[in-house]
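>>> no FASTA, just this:
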């Protein structure tokens, strides 16, 4: 292939943009692009075993670094495999560029072998999706795609037929500067004044934080201190707001715990900060709500909003603090802190009582130990389902740890591919995959990717031989669980056959030693922990119909679960309540 081909030009553009790797699976129409990577220094090809995993991996890299990440797939089925991971990256706001190669140009529209229409296929999960029909369109279209992904924080797709990739490049040396860092959105003064007036008029205010509070921890604490406000959070906000937080009252939603639900519903004003929390049935529908977001399209999507503010959370609070009056009473805040602590104390016995003798092993116990053992700057990747529950309740944020999951798309099997992307971007950082056995089974081929690239990922499998979250959903609906359980599988044996070091744990007394051994190993390790399939979790509030569903479906079931170090946090926050 010519050294000045479109494929070579595209790779050169990626290198100039700071891209260090491309995740994908070689094949057919994509081969010219992969060969160009082989011949170019400064960029590597990370061979995955499913294009879906390649997109997940790119999404995780982009989320952790904030930089553009790239995945690629060959025509037809290769492209369609990308879909799941691209949806996840797009909804997570990860700047990802997908290179989707296409069938030969002259065959498009003829029903040719493996023909799809990728320029239509990816429209819903991207901000930009265009086909490069002739060499003359490059590299301009590649720069547009990259800038759109970076500027709008989501996916761009560049569709390129294989013959165009092989063709002669026409605009060599063409360069365009990229804007990777977004400007701060400062709210209009009139919006700030309206919000300040609403806060000043309310006797009680609750703050509810989402992922948009990243970088605004100090400002949110200052506002809570000024107005004596409890702070609840969505799962997306957990890692950015829960640490060093004397106003924390837990999390609401399907995975919720503590007093966040009560604080949000009993306050005179709920102030939503940087959150697109999707479950409107957990939001008050008859109270006053204000919402701050840098993306105005998200405001009012979940509930009727009384005061809408367009701006970054930190910039908004900086403008707000000089005009917000101090609230003299802590009564509401202290009441919610007490309720939060009582709620957590009530369930703590579920994971501390007789754990050394309980088999199958409590999954809560595994997560709590993992939280204790993991590095202070560990990256956790979390499968959808019950692993979400254990991560939400047991992993303790500290401002340095990261927790990555499919929080918005909610797909299975994301944890291991996300870990591949995280570890590729940070080879010396501890990366731990909390994998459900259902998720691991779905994309088990990525164990081969971990071994092939010698990625030192620690894979902790919560092996309960069940699709636990689906079982819970069926029970809540009053249905007997059906199709959720399967025969036991020895994932440690499978991992060992692949070449990975593996440890299987069936005795709770051995859990800590197994996790410590895995974390101390320099290379990849899989820890297969046989856990209790009946360890399920209820949301903080359920309605009568759901309770009836449980009564119809099961006479007795283990619900709730402990909340790890959050009990200690709640206890310590009680010490902030002034003594009379």
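Perfect, thanks for sending it. Please read all numbers here as calculations on a predicted model, not as lab measurements. Residues are numbered from 1 along each chain as shown.
>>> phi and psi next, for residue 222.
phi -60, psi -40 (degrees, to the nearest 10).
>>> tell me which residue is most central in this structure.
For the chain, residue 405 is the residue whose C-alpha lies nearest the centre (Cα atoms, centre = their mean; 2.9 Å).
>>> can you give me the helices in the stretch 251-400 of the chain?
For the stretch 251-400 of the chain, the helices defined by DSSP state H, counting those that start in this stretch occupy 260-266, 313-320, 331-352, 363-373, 386-394.
>>> so which of the ones you listed comes closest to residue 66?
Closest approach to residue 66 among the helices of the stretch 251-400 of the chain is made by helix 313-320 (16.2 Å; Cβ to Cβ). The way it works is simple: take the backbone N, C-alpha and C, and place the C-beta from them, glycine included.
>>> ok, residues contacting the closest one?
184-187, 189, 192, 195-196, 199, 212-213, 215-216, 219-220, 222-223, 273-274, 292, 294, 309, 311 (Cβ atoms under 8 Å, 6 or more residues apart in numbering).
>>> is it true that the residue nearest to the centre of the chain touches residue 384?
Yes: Residue 405 is within contact range of residue 384, at 6.9 Å (criterion: Cβ atoms under 8 Å).
>>> are any of the contacts of helix 313-320 buried, and if so which?
Neighbour counting by 16 or more other Cβ atoms under 10 Å classes 185, 187, 192, 195-196, 199, 212-213, 216, 219-220, 222-223, 273-274, 292, 294, 309, 311 among the contacts of helix 313-320 as buried.
>>> gap between the helix or strand harbouring residue 493 and the chain center?
With secondary structure defined by DSSP states H and E, residue 493 is part of helix 491-498. In terms of Cα atoms, centre = their mean, to the nearest Å, the centre of helix 491-498 is set 27 Å apart from its chain centre.
>>> what is the mean pLDDT for that helix?
Averaged across helix 491-498, pLDDT comes to 98.
>>> tell me which strands and helices that helix is in contact with?
helix 446-452, strand 458-463, strand 501-505, strand 525-530 (3 or more Cβ pairs under 8 Å, 6 or more residues apart in numbering; DSSP states H and E).
>>> let's see that with 7 Å instead.
helix 446-452, strand 501-505, strand 525-530 (3 or more Cβ pairs under 7 Å, 6 or more residues apart in numbering; DSSP states H and E).
>>> check which helices and strands the shortest one sits against.
Counting contacts by 3+ Cβ pairs under 7 Å, 6+ apart, strand 501-505 is packed against helix 491-498, helix 511-520, strand 525-530.
>>> give me the buried positions along that strand.
502-505.
>>> angle of that strand against helix 511-520?
Orientation note: strand 501-505 sits at an angle of 170 degrees relative to helix 511-520 (axes from the mean of the first three to the mean of the last three Cα atoms, to 10 degrees).
>>> return the distance of strand 501-505 from the chain's centre.
27 Å.
>>> contacts made by that strand with the rest, please.
Here strand 501-505 makes contact (Cβ atoms under 7 Å, 6 or more residues apart in numbering) with 490, 492, 495-496, 511, 514, 517-518, 521, 523-530.
>>> now do 10 Å
361, 366, 447, 459-461, 463, 490-496, 510-515, 517-518, 521, 523-531 (Cβ atoms under 10 Å, 6 or more residues apart in numbering).
>>> count of residues packed around residue 450?
Using other Cβ atoms under 10 Å, residue 450 is surrounded by 25 other residues.
>>> so it sits right up against residue 499, yeah?
Yes: counting by Cβ atoms under 10 Å, residue 450 does reach residue 499; the two are 9.3 Å apart.
>>> now do the shared contacts for those two.
With Cβ under 10 Å, 6+ apart, residue 450 and residue 499 have common neighbours 523-524.
>>> check contacts around the residue lying closest to residue 436 once chain neighbours are set aside.
Nearest residue to residue 436, sequence neighbours excluded (Cβ to Cβ, 6 or more residues apart in numbering): residue 383, at 4.4 Å. Counting by Cβ under 10 Å, 6+ apart, residue 383 touches 390-391, 405-406, 411-416, 418, 433-440, 442, 461-462, 469.
>>> could you rerun that using 8 Å?
405, 412-415, 433-436, 438-440.
>>> now it: how far from residue 362?
Using Cβ to Cβ, to the nearest Å, residue 383 is found at 18 Å from residue 362.
>>> same question, residue 60
Residue 60 is 28 Å from residue 362, by Cβ to Cβ.
>>> more neighbours: which of the two?
Shown here are residue 60 and residue 362; by other Cβ under 10 Å, residue 60 has more neighbours (35 against 25).
>>> show me what contacts the residue nearest to the more buried one when sequence neighbours are not counted?
What sits nearest to residue 60 in space, not counting adjacent residues and going by Cβ to Cβ, 6+ apart, is residue 421, at 3.4 Å. Neighbouring residues of residue 421 by Cβ under 8 Å, 6+ apart: 23, 56-61, 64, 69.
>>> kindly report the same for residue 391.
Contact analysis of residue 391 by Cβ under 8 Å, 6+ apart lists 367, 380, 382, 403, 405, 434.
>>> what's the neighbour count on the first one?
Read it as residue 367. 28.
>>> and the host helix or strand of residue 59, what does it pack against?
Using DSSP H and E, the element containing residue 59 is helix 51-65. Counting by 3+ Cβ pairs under 8 Å, 6+ apart, the packing neighbours recorded for helix 51-65 are strand 21-24, strand 69-73, helix 77-92, strand 96-102, strand 402-405, helix 415-425.
>>> out of the ones you listed, nearest to residue 10?
Across these, closest to residue 10 is strand 96-102 (Cβ to Cβ), at 7.4 Å.
>>> give the rounded mean pLDDT of the following helix or strand past the closest one.
Per DSSP H and E, the first helix or strand lying C-terminal to strand 96-102 is helix 118-121. Here helix 118-121 scores 93 as its mean pLDDT.
>>> quick one: strands adjacent to the helix or strand following helix 118-121?
Next helix or strand after helix 118-121 toward the C-terminus (DSSP H and E): strand 128-131. Strand pairing for strand 128-131, using DSSP bridges, gives strand 155-161 (parallel).
>>> relative orientation of the partner strand and strand 96-102 in degrees?
20 degrees.
>>> off-centre distance for strand 155-161?
Relative to its parent chain, strand 155-161 has a centroid offset of 24 Å by Cα atoms, centre = their mean.
>>> what's next to it, contact-wise?
6, 10, 29, 33, 86, 89-90, 94, 96-105, 108, 118-119, 122, 125-133, 141-142, 145-146, 148-149.
>>> I'd like to know which of these are buried.
Using 16+ other Cβ under 10 Å, the buried members of the contacts of strand 155-161 are 6, 10, 29, 33, 86, 89-90, 94, 96-105, 118-119, 122, 125-133, 141-142, 145-146, 148-149.
>>> residue 191 contacts residue 323, correct?
No: judged on Cβ under 8 Å, residue 191 makes no contact with residue 323 at a distance of 11.9 Å.
>>> residue 182 in helix, strand or coil?
coil (DSSP: H, G, I helix; E, B strand; the rest coil).
>>> tell me the phi and psi of it?
Phi and psi for residue 182, reported as degrees, to the nearest 10, are phi -80, psi 150.
>>> can you pull out the low-pLDDT segments for this protein?
1-2, 346-356, 475-476, 535-580 (pLDDT under 70).
>>> returning to that earlier point: could I get the helices of the stretch 251-400 of the chain as a markdown table with distance to residue 17?
Below are these laid out as a markdown table (distance: least, Cβ to Cβ, whole Å):
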| stretch | distance to residue 17 |
| --- | --- |
| helix 260-266 | 41 |
| helix 313-320 | 28 |
| helix 331-352 | 46 |
| helix 363-373 | 36 |
| helix 386-394 | 33 |
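>>> of all those helices, which gets the most neighbours per residue?
helix 386-394 (a mean of 27; mean count of other Cβ atoms under 10 Å).
>>> ok, back up a step: gap between the residue nearest to residue 60 and residue 427?
When residue 421 is compared with residue 427 (using Cβ to Cβ), they lie 12 Å apart.
>>> cool, residue 407 as well?
From residue 407 to residue 427 the distance is 25 Å (Cβ to Cβ).
>>> for these two, indicate the residue with more neighbours.
With neighbours defined as other Cβ under 10 Å, residue 407 and residue 427 compare such that residue 407 has more, 22 against 11.
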